[in-house]
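A.B. asks: Give me coordinates for this.
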Amino acid sequence: DGSDFAACVLFRKDASAAELNGGDGRWDAVHVFEVRTANTRTQYKLTSTVMFALSPGEAGSTHVAGSLTRQSEREETAPDDTAHVIAMGKQLEDMELKMREAIVHVYIGKTREVLNNIRTFEGASVVNERKAIQADLAAELARRS
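C.D. replies: Presented below is the predicted three-dimensional model:
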């Protein structure tokens, strides 16, 4: 009926050496919306890709880079253009937050864990014992929350 449309939002953030204590970084995000309307309901399908790179700038530091793609769908009532912008903005903010958390946990956290394991002089049994204690503490804190 001519009311369906698509939209694209692009973000780029270059972090300076001052912001990263001598390192540099980049965050590129591409968000593509597919919007389909039927009667009073509107379906928003969002496909997002984030590409990032981080170089601490210290001697012996590790360069971390990668990309992540995710999709989400929502259905809402959107009677006019303003409602479309609000619904799409909320969905985009939620997606960026989830992707940032995933990148911090998966890429940066795992890289830190691997490097710490490589640099440790302790045996694997000591490292595994610490991980088990950490898991037990996390489970107990989650249970109490």
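A.B. asks: shouldn't His63 be in contact with Ser55?
C.D. replies: Yes. Counting by Cβ atoms under 8 Å, His63 touches Ser55, with 4.8 Å between them. The way it works is simple: take the backbone N, C-alpha and C, and place the C-beta from them, glycine included.
A.B. asks: If you count surrounding residues, which of those two has more?
C.D. replies: Using other Cβ atoms under 10 Å, the more surrounded residue of His63 and Ser55 is Ser55, with 18 against 12.
A.B. asks: Would you enumerate the residues in contact with that one?
C.D. replies: Applying Cβ atoms under 8 Å, 6 or more residues apart in numbering to Ser55 gives the contacts 23-25, 61, 63-64.
A.B. asks: need these in JSON lines with secondary structure, can you?
C.D. replies: Below are the contacts of Ser55 laid out as JSON lines (DSSP: H, G, I helix; E, B strand; the rest coil):
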{"residue": "Gly23", "secondary structure": "coil"}
{"residue": "Asp24", "secondary structure": "strand"}
{"residue": "Gly25", "secondary structure": "strand"}
{"residue": "Ser61", "secondary structure": "coil"}
{"residue": "His63", "secondary structure": "coil"}
{"residue": "Val64", "secondary structure": "strand"}
